[in-house]
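Chemist: got a predicted model here, sequence first, then my questions.
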4 protein chains.
Amino acid sequence: MLRIGVVGASGYAGGELIRILLGHPEARLTYVGSETYKGQSIAKAFPSLHGSDAPVCESPDAGAAAEKADLVFLAQRNGWATQFAPKLLSAGKSVVDFSADFRFRDGAVFQKWYKLDSPSAEILKSAVYGLPETRADEIKCSSLVANPGCYPTGAILALTPLLANRLIDPSTIIVDSKSGVSGAGRSKFELGYLFSELEGNLKPYNIGVHRHTPEIEQELSAVAGSPVTVSFTPHLVPMVRGILTTTYASLAGQAETASLIDLYRDFYAKAPFVVVFGEGEYPATKNTQGSNYCHIGLKVDDRTGRVVVVSAIDNLVKGAAGQAVQNMNIMCGLDERAGLGSAALYP
Amino acid sequence: MLRIGVVGASGYAGGELIRILLGHPEARLTYVGSETYKGQSIAKAFPSLHGSDAPVCESPDAGAAAEKADLVFLAQRNGWATQFAPKLLSAGKSVVDFSADFRFRDGAVFQKWYKLDSPSAEILKSAVYGLPETRADEIKCSSLVANPGCYPTGAILALTPLLANRLIDPSTIIVDSKSGVSGAGRSKFELGYLFSELEGNLKPYNIGVHRHTPEIEQELSAVAGSPVTVSFTPHLVPMVRGILTTTYASLAGQAETASLIDLYRDFYAKAPFVVVFGEGEYPATKNTQGSNYCHIGLKVDDRTGRVVVVSAIDNLVKGAAGQAVQNMNIMCGLDERAGLGSAALYP
Amino acid sequence: MLRIGVVGASGYAGGELIRILLGHPEARLTYVGSETYKGQSIAKAFPSLHGSDAPVCESPDAGAAAEKADLVFLAQRNGWATQFAPKLLSAGKSVVDFSADFRFRDGAVFQKWYKLDSPSAEILKSAVYGLPETRADEIKCSSLVANPGCYPTGAILALTPLLANRLIDPSTIIVDSKSGVSGAGRSKFELGYLFSELEGNLKPYNIGVHRHTPEIEQELSAVAGSPVTVSFTPHLVPMVRGILTTTYASLAGQAETASLIDLYRDFYAKAPFVVVFGEGEYPATKNTQGSNYCHIGLKVDDRTGRVVVVSAIDNLVKGAAGQAVQNMNIMCGLDERAGLGSAALYP
Amino acid sequence: MLRIGVVGASGYAGGELIRILLGHPEARLTYVGSETYKGQSIAKAFPSLHGSDAPVCESPDAGAAAEKADLVFLAQRNGWATQFAPKLLSAGKSVVDFSADFRFRDGAVFQKWYKLDSPSAEILKSAVYGLPETRADEIKCSSLVANPGCYPTGAILALTPLLANRLIDPSTIIVDSKSGVSGAGRSKFELGYLFSELEGNLKPYNIGVHRHTPEIEQELSAVAGSPVTVSFTPHLVPMVRGILTTTYASLAGQAETASLIDLYRDFYAKAPFVVVFGEGEYPATKNTQGSNYCHIGLKVDDRTGRVVVVSAIDNLVKGAAGQAVQNMNIMCGLDERAGLGSAALYP
């Protein structure tokens, strides 16, 4: 039985992680760190966890975490893990980090977009970008995995098969994403996140300047083998969970919807959490609610010579906590699906 | 491994049942009956079940069900199981029925409120009202369990400890219930259930004439040892899942909030799915989303001499599919919590 | 043309007031006070007001307000108007105040429930509780009107005809109210008001201790001619606007639904904003969205000897800004409906 | 006072039209046609109209409409007005039609995309595409105006200033639209439109084949002076009203956000319902709720050489009933803003 620690337990991603871990057959939650709820049950933060069995929250401490756990999830704000993770690593522990700290191969990109000090080049070299569908082999050998951002997960899974097969012109990619509000986290006590402001309301934000842009570009560039730049527009949708990503690109040559669907199915044949829909069927976010699945649908538009690929995920599961557990499973040699088998909650 | 059948798989309760059963450690789904989806995967009805492992749907047939399953869940419209269940029972199979057909000890009550023929007196005598927190012993010995209605589950769990201890005047009970829309089921294609009609909208319906009224009264009367009549008003709330039941009653004597909370905790000490909140804390439906828990909070109002007890459940889980699996577990001698341990999905 | 001032313009009630006043045929907005937005257009606070014509916001000042306006609406937190209103009154101006400061005839009740200093007895004596359907004559002669709370408006309109005609036992009244979230205002930047916490969620709060309780009781007692105590439970519903109030009371004698409906229609025959529904029809909040109407439906339950009366209002209009303008119209001798004629926004 | 008829009053666009017309200072509703509600008050269809003054519904009849009204709005399904409108026109009446029947200059395009018989070439020649911001002069002289579709309104207003000034490459246009559910109308009683299916759910539909595509292209081609083809993807968002349209195009040359904003403001200087936001500010649908405004925000993305223009409208107002009244005002020589001045309902 793996001993698992969670630091930053009272955020939405942290709470979701605990929910998943409590049902994991081969992991036991042995350390819960939360500054806000130290000394209290996690059910104080999440009454939805009443009746569950989790250790009392402690003030986050690397020594205590390293002592009590074999692998620690860090679900804190950007910049925090840069200080905390090295202590766990040098104690021989494994780390899955939810922040952006270790996602970039080039620390300068992190510094530019996040206005924070980058981790050392050495530690960045040891970190792996934790998207199991594209980097399972590296994850398997790593003790520091940077869990991907929610938007990048949806965008990269939608576009990778096309780029890997050189089927689209990489200079024409548009990524139009629509996210549920839980992606903003649980600690933004601002006007813009009040229920009355968001209910029945839909809006774009950070057009062209969202910090997930370089992350999408880094990974798509790695697939394409050359620098890829994308137009990325995130939108806030009046729902709690789910990201729908609609991507557009010009086809490099002729292609048919049916054959691209086959190609996607082949590409993801060994990916247990990717479902590629048949012709004329498209994803809807609620079909992934609470599950680790990514649903993909696509359509070639002959009139315009473009292909439209749409992906749907639950931003807190495949876009955060579920993917983190999937990474843990791979790092620890477990079945990739362990603890993640449950179907989506519908309706 | 128990072999399990589900008939009526494409409704919301049926889909939820399949979701739960697919994660049950000691049950295997061996028969799925759906007229609408016969010959197709259940993922056709619920894309949320893509990737799951369930048998192809068949046209509902008692013989086939009896052959392939040891216990069969019936999730069809009222009146249907009256014909279907006896065939399974005489083949020696167990049945958990979601409809109202077998809920009433007195067939005349069923006939009056439902305008349908009542099952035979004989079969009604063998049926047990399947609320595990009040009738576990009978459920254990039964092969025909009538799964309770969603509103009655919330109301009975809220009021039973008070009535069992003769702490309230039974003639003063008000039950004001607020339900998510999924309670209306998946086949009401009417103006009133369209998204645009219900979103941002709240309304009462069937005031004083809702068919769950006699069901609540039957069970509360059994607890009180004398006939109990209640005012029951259901409301439709713009959310998908959850029932919040606010109950009012005049106290028979003096009582304090804290001591009543203790009494509730004692009463439900062996009920793994009932959580009684501390003073000043009240349930919120989303804390039970997707889980089999019932959350209860209460308050004595000295100014009026009344006690207010509030319960929250997920109408599709504790109010339907989860409770049915709980019943199955008890009927089959399994741990009551098997397959039902997962925490609520929040937010 | 009346010259009108609004102080506290950037809250939801203030914004709604400006929206209504901008369309009022006999009033001109000449003064807008907002500390937060001083020096800026009100469209900065509410982009929904882009294109509208309103004076630039000023830091709230009684002298400036008195100079520029004939009647001033105060939409500030409780306790604020106690200081501000007297300055306007002594300058000969009229005031409609949205807070609780002037709602209570007995200052001690205000002090006890609000933990704030009460206005002087003298000023309280001059103030009128501004529910036009019950106190139009007093409002007509007043220069200080205390605009009612949102919950009290719905509860008092639902129960007054019964109490005025001594048809119910006043000791049996239950008021179960369900409100949209905008009632919490625009400045509660707390976890509990975030979209992700409230969406798909329903919960009671302040059971038995909500500060609107004594306000409901004061007005119902005045109608009944004897002290009335009620059980009042507010709930937060995942929608932005609307209050549905479900009230229960034991009938003093025999009564039929149809005859009570007639009685309500007679009682409200001269109230242009109250609509009494026919038998079997009940209000739904969205039918009043953005309008000043109050919809009422009722049902006698012979089984229990109770009557259930349900009212629906838009909490920001009939429950706040619309009612305030209705009061202004009456105070200033205009048609009660001026500026308030528009139908509800549906769906 | 203009005498106005509405045919198809019980749909969402029809109900909205009646709401607006009831508040119009120079129009009187003299004829209401509805097959479903004939002989009944329109308040039967829309309880939100209780208290309003509208004629009883009649079975739609061109003779009666022509007799009672000077201008008739037709809000029926596609194909219906092709038969009905000519009768009104030959009686010398004016018509504003909500369907697609008269929107296309080329009847063959209508036939191909709608699979319906096209109106005669003659009548198509006399019809004007009723987008006042681009075709006010033609509308002024017309007695048959084809009211634009909701998606096209948002898309054309977003893109026209760029195309008119040849600032973008017309072959690179992507239109990604997100709509509230009311756009689907009030008569689709299908699984996909039930509340429980759509709440908390987001999905694309009709990718590349939506029938508003040729309408967008027709009007953009007219502006560009050459054939324009666009990729158009509509999405269904869990809200009732509002369309947000996110458009992307490659810039033909260098451009800055600020200068493009100036250009948009110039272009729409005489359009009373178009608001162009400043740099860094973007539209949100709820700021247009219930109003006839179109909000526009834009951003040049230097990294990709693209411009992103976002527009927000209320699909039932600027996208349907409000625009129809705006057309009526222009056709009848009234102030374009008559009856449409009210600010959006927020929140």
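Modeler: That came through, no problem. Residues are numbered from 1 along each chain as shown, chains lettered A, B, ... in the order given.

Chemist: and the closest residue to residue A:187 other than its chain neighbours, what are its phi and psi?
Modeler: With C-beta to C-beta, 6 or more residues apart in numbering or on different chains as the criterion, residue A:187 has its nearest non-adjacent residue at 6.8 Å, and that residue is residue A:11. (Glycine included, C-beta is placed from N, CA and C.) For residue A:11, the backbone dihedrals are phi -80, psi 170 (criterion: degrees, to the nearest 10).

Chemist: and for residue A:11, the neighbour number?
Modeler: When neighbours are counted by other C-beta atoms under 10 Å in any protein chain shown, residue A:11 registers 22.

Chemist: burial count for residue A:120?
Modeler: By other C-beta under 10 Å, 12 other residues sit near residue A:120.

Chemist: quick one: name the residues of the stretch 151-300 of chain A near chain B.
Modeler: A:182, A:199-200, A:240-241, A:272-273, A:275, A:277, A:281, A:284, A:286-291, A:293, A:295 (C-beta under 8 Å from any C-beta of the partner chain).

Chemist: so the residue nearest to residue A:187 touches residue A:75, yeah?
Modeler: Yes: between residue A:11 and residue A:75 there is a contact at 5.8 Å, judged by C-beta atoms under 8 Å.

Chemist: returning to that earlier point: can I get the buried part of the residues of the stretch 151-300 of chain A next to chain B as one ChimeraX selection?
Modeler: With 16 or more other C-beta atoms under 10 Å in any protein chain shown as the criterion, this ChimeraX line picks the buried residues out of those:
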select /A:182,199,200,240,241,272,273,275,277,284,286,287,288,289,290,291,293,295
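
Chemist: about what we covered before: show me the contacts for the residue nearest to residue A:187.
Modeler: Counting by C-beta atoms under 8 Å, 6 or more residues apart in numbering or on different chains, residue A:11 makes contact with A:75, A:185, A:186, A:187.

Chemist: one more: residue A:9?
Modeler: For residue A:9, counting by C-beta under 8 Å, 6+ apart, the contacting residues are A:15, A:17, A:18, A:32, A:33, A:34, A:37, A:42, A:45, A:57, A:75.

Chemist: from these, which single one is nearest chain D?
Modeler: residue A:15 (17.9 Å; C-beta to the nearest C-beta).

Chemist: what's the most distant pair in the contacts of residue A:9?
Modeler: Using C-beta to C-beta, those span at most 14.6 Å, a distance reached by A:17 and A:37.

Chemist: out of these two, which sits in the busier spot?
Modeler: Neighbour tally, residue A:17 and residue A:37, criterion other C-beta under 10 Å: the higher count belongs to residue A:17, 28 against 20.

Chemist: find the nearest non-adjacent residue to the more buried one, please.
Modeler: residue A:321 is the one closest to residue A:17 (C-beta to C-beta, 6+ apart), at 4.0 Å.

Chemist: wait, residue A:12 touches residue A:316, no?
Modeler: Yes: between residue A:12 and residue A:316 a contact is recorded at 5.8 Å, counting by C-beta under 8 Å.

Chemist: the domain parsing of chain A - what is it?
Modeler: A:2-126, A:151-315 (automatic domain parsing).

Chemist: for the shortest one, measure first residue to last.
Modeler: To tie it back to what came earlier, the one meant is domain A:2-126. Taking C-alpha to C-alpha, to the nearest Å as the measure, domain A:2-126 stretches 22 Å from start to finish.

Chemist: how about the longest one?
Modeler: Start to finish, the residues bounding domain A:151-315 are 8 Å apart (C-alpha to C-alpha).

Chemist: rounded mean pLDDT for it, please.
Modeler: The average pLDDT within domain A:151-315 is 98.

Chemist: the residue nearest to residue A:187 and chain B: what is the separation?
Modeler: 11 Å (C-beta to the nearest C-beta, to the nearest Å).

Chemist: overlap of the contact sets of residue A:12 and residue A:316?
Modeler: residue A:182.

Chemist: and the residue nearest to residue A:187, how close does it get to residue D:239?
Modeler: 26 Å (C-beta to C-beta, to the nearest Å).

Chemist: then residue A:87?
Modeler: 46 Å.

Chemist: which one of the two has more residues nearby?
Modeler: residue D:239 (29 against 15).

Chemist: residue contacts, the more buried one?
Modeler: Per C-beta under 8 Å, 6+ apart, neighbours of residue D:239: A:199, A:200, A:201, A:202, A:238, B:199, D:180, D:181, D:285.

Chemist: any idea how many residues pack against the fifth one?
Modeler: The number of residues packed around residue A:238, counting by other C-beta under 10 Å, is 27.

Chemist: need the helices for the stretch 151-300 of chain A, in chain order.
Modeler: A:195-198, A:213-224, A:257-267 (DSSP state H, counting those that start in this stretch).

Chemist: which one is the residue of chain A positioned farthest from its centre nearest to, not counting chain neighbours?
Modeler: No residue in chain A sits farther from the centre than residue A:303, which is 34.0 Å out by C-alpha atoms, centre = their mean. Distance criterion C-beta to C-beta, 6+ apart; nearest residue to residue A:303, sequence neighbours excluded, is residue D:229 at 5.9 Å.
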